[in-house]
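Peer 1: structure for the following, please:
(one chain, ligands or ions: 1)
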Amino acid sequence: MEILYIEGGKKLNGEVGIATAKNSLLPIMAGSIISGKKVIIDKVAKFSDVMQMSKILESLGVIVEFENDTMIIDSSDCNKYAIKEEYTKKVRSSIFMLGPMLSRFGKARVAYPGGCNIGNRPIDLHIKGLKSLNVKIEERHGYIYCDGRNMKGGEVHLDFPSVGATENLMMASVKIKGVTTIHNCAREPEIVDLQSFLNSMGAKVYGAGSSTIYVEGVDSFCDTEYTPMKDRIIAGTYMIACAMCGGEISLSGGKKEHNQAVINKLINLGVHINESKGYIEIKSSGRLKNIPLIETQPYPGFPTDLQNQILAMQTIGRGTSVINENLFESRFKICNELNKMGADITLKDRMAIIKGVSRLYGANVTASDLRCGAGLVLAGLVADGYTTIQDVYHIDRGYLSIEEDFCKLGAEIKRLNK
Ligand code: EPZ
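Peer 2: Model prediction:
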């Protein structure tokens, strides 16, 4: 079993490159089967979720090959449209294979992707949206059976700006005759990236990044080669790490505009953050006062995927901070582990009240999910003494090698086999 071992207390200094965005790669890989043409994706970060998604594609008859960090996808012989439970329970985002399979085959069958560690992750918005496109849907024996042979475009209204549901509906609509309008869409940068990818293979999708997306059906596609955006959550994680540890770091590939909500909070605390020539530079004293209130919201609000990381930072800030987690009902599992390290966090429903303490102490802690693990790494970097983190596999789902990145920034962190 692998663990991370961290000697805390070091300021961070140095430069690190930001990997390609996990939450762009996953929908783009799903969408690659729509055209049946060759799809080349460059600068692929081989997160474990990405490798799982490539196994899902291969289970459908898709050929996925790697040449270094280039992924070559040939779905010309893809002939299956059913995804088994063994896959959907590992990678929840397999649910947005529905849209591409409906576009390609007019049919789809996906095992119901149950809950996960951060919440029960319903898919009612996906189902309701697809039904608005005249997809006949039956849910039985843990599977979702979709018949989209008579899909019709028109107006679709999302009750909530769900990222995955927006992506599913975009991909389900690309071949529907006429124009399909999707209202109350998610506005995340990864949605804009998916639009760019779909259009690079011949689709006609407009409006991503706003709350209304228009999809004009097409019936022919072309080969494409595409480089997805950089991972804004990894970039945001490292910005917060520098803010709380102190020091001066440079991130190559990040974009300030993708992390404005976090950057505004950090700048208000006196952290210096500048962007020039494709680099984001962060400089911090490390001794910060607390942010009184943080509310996680859909983009462009404060991202839920950086909530555990900013929470770790608040444990050693001066003063009290309140964090409301409005997206997922079980995204505070990190708090027990941080309290083991000397933090003073009280939980009430979806609210965490954090009283800043002067220091954290190293401890043996366990990651319960991807972003909880990232938050615990940040806490270990700033704690007195050494910290070990179990269940590191959670972190590997969304960070290529978090210990290598932080070593480049001068931290004392290594991965051990226990
Ligand atoms: C995407 O998940 C991301 N995953 C998540 O990142 C991210 O936390 C989330 O968007 C919010 O930004 C990928 O892109 C692969 P949602 P998704 O549908 O699409 C509710 C990470 O750490 N909802 O926008 O599943 C849902 O319960 C992961 O990288 C419904 O009620 O998120 C939640 O409260 C974690 N019904 C809210 O909407 C539905 O049918 C937002 O979920 C769908 C969602």
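Peer 1: neighbours of Lys84, how many?
Peer 2: 14 (other C-beta atoms under 10 Å). Using the backbone N, CA and C atoms, a C-beta is placed for each residue, glycine as well.
Peer 1: quick check: residues of the protein near the ligand?
Peer 2: 22-23, 26, 93, 119, 121-126, 160, 162-165, 186, 304-305, 327-328, 370-371, 398 (C-beta under 6 Å from any ligand atom).
Peer 1: helices - which of those land there?
Peer 2: 22-23, 26, 124-126, 163-165, 370-371 (DSSP state H).
Peer 1: what element comes up after whatever helix or strand Val322 lives in heading to the C-terminus?
Peer 2: Assigned by DSSP states H and E, Val322 belongs to strand 320-324. Under the assignment DSSP H and E, the closest C-terminal helix or strand after strand 320-324 is helix 334-340.
Peer 1: only C-alpha atoms, please: export that next one in CSV.
Peer 2: The C-alpha coordinates for helix 334-340 follow below in CSV (Å, rounded to 0.1, in the frame of the first residue of the first chain):
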residue,chain,number,x,y,z
ILE,A,334,-11.4,16.0,5.6
CYS,A,335,-12.4,17.8,8.9
ASN,A,336,-11.9,14.9,11.2
GLU,A,337,-8.5,14.3,9.8
LEU,A,338,-7.5,18.0,10.1
ASN,A,339,-8.8,18.0,13.7
LYS,A,340,-6.4,15.1,14.4
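Peer 1: ok, the closest residue to Cys185 other than its chain neighbours - contacts?
Peer 2: Leaving aside its sequence neighbours, Cys185 sits nearest to Thr166 (C-beta to C-beta, 6 or more residues apart in numbering; 4.5 Å). Residues counted as contacts of Thr166 (C-beta atoms under 8 Å, 6 or more residues apart in numbering) are 158, 182, 185-186, 191, 213.
Peer 1: one more time with 10 Å
Peer 2: 27, 96, 125-126, 129, 156, 158, 182, 184-188, 190-191, 194, 208, 211, 213 (C-beta atoms under 10 Å, 6 or more residues apart in numbering).
Peer 1: buried only: go through those for me.
Peer 2: Neighbour-count burial (16 or more other C-beta atoms under 10 Å) is assigned, among these, to 27, 96, 125-126, 129, 156, 158, 182, 184-188, 190-191, 194, 208, 213.
Peer 1: in strands, which of the residues you listed fall?
Peer 2: If you go by DSSP state E, the buried ones among the contacts of Thr166 have 156, 182, 213 in strands.
Peer 1: let's have the ones in helices among the residues of the chain next to the ligand in CSV, adding pLDDT.
Peer 2: Output for these, formatted as CSV (pLDDT from 0 to 100):
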residue, pLDDT
Lys22, 97
Asn23, 97
Leu26, 97
Asp124, 95
Leu125, 97
His126, 96
Val163, 97
Gly164, 96
Ala165, 98
Leu370, 96
Arg371, 97
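Peer 1: please pick the buried ones from those.
Peer 2: Buried among these (16+ other C-beta under 10 Å): 22-23, 26, 125-126, 163-165, 370-371.
Peer 1: go through those residues and name the one nearest Ile334.
Peer 2: Ile334 has its nearest neighbour among these in Arg371, at 8.1 Å by C-beta to C-beta.
Peer 1: burial check on the nearest residue to that closest one once chain neighbours are set aside, number of neighbours?
Peer 2: Nearest non-adjacent residue to Arg371, counting by C-beta to C-beta, 6+ apart: Asn308, 4.6 Å away. Residues within reach of Asn308, counting by other C-beta under 10 Å, total 32.
Peer 1: could you say what helices and strands the host helix or strand of Asn308 packs with?
Peer 2: Using DSSP H and E, Asn308 falls within helix 307-314. Helices and strands touching helix 307-314, by 3 or more C-beta pairs under 10 Å, 6 or more residues apart in numbering; DSSP states H and E, are helix 232-245, helix 260-268, strand 293-295, strand 320-324, helix 334-340, strand 351-355, helix 370-382.
Peer 1: give me phi/psi at Phe302?
Peer 2: Phi and psi for Phe302, reported as degrees, to the nearest 10, are phi -70, psi 120.
Peer 1: next one, pLDDT for the closest residue to it other than its chain neighbours please.
Peer 2: When the adjacent residues along the chain are set aside, Phe302 lies closest to Ala261, with 4.5 Å between them (C-beta to C-beta, 6+ apart). Ala261 carries a pLDDT score of 98 in this model.
Peer 1: so who does Ala261 touch?
Peer 2: Ala261 neighbours (C-beta under 10 Å, 6+ apart): 236, 294-297, 299-303, 306.
Peer 1: how does it look with 8 Å?
Peer 2: 297, 300-303.
Peer 1: of these, which is the nearest to Lys408?
Peer 2: For the contacts of Ala261, the nearest to Lys408 is Pro303 (23.9 Å; C-beta to C-beta).
Peer 1: do I have it right that that closest one meets Val262?
Peer 2: Yes: counting by C-beta atoms under 8 Å, Val262 is a contact partner of Pro303 at 7.2 Å.
Peer 1: between these two, what contacts are shared?
Peer 2: By C-beta under 8 Å, 6+ apart, the residues touching both Pro303 and Val262 are Gly236.
Peer 1: surely Met201 is in contact with Val218?
Peer 2: No: taking contacts as C-beta under 8 Å, Met201 lies outside contact range of Val218: 9.7 Å.
Peer 1: what about these two, which has more around it?
Peer 2: A count of neighbours by other C-beta under 10 Å puts Met201 above the other of Met201 and Val218, at 22 against 18.
Peer 1: enumerate every residue touching that one.
Peer 2: 34-35, 37, 39, 221-224.
Peer 1: surely Asn326 meets Phe302?
Peer 2: No: using C-beta under 8 Å, Asn326 is not in contact with Phe302; the gap is 9.4 Å.
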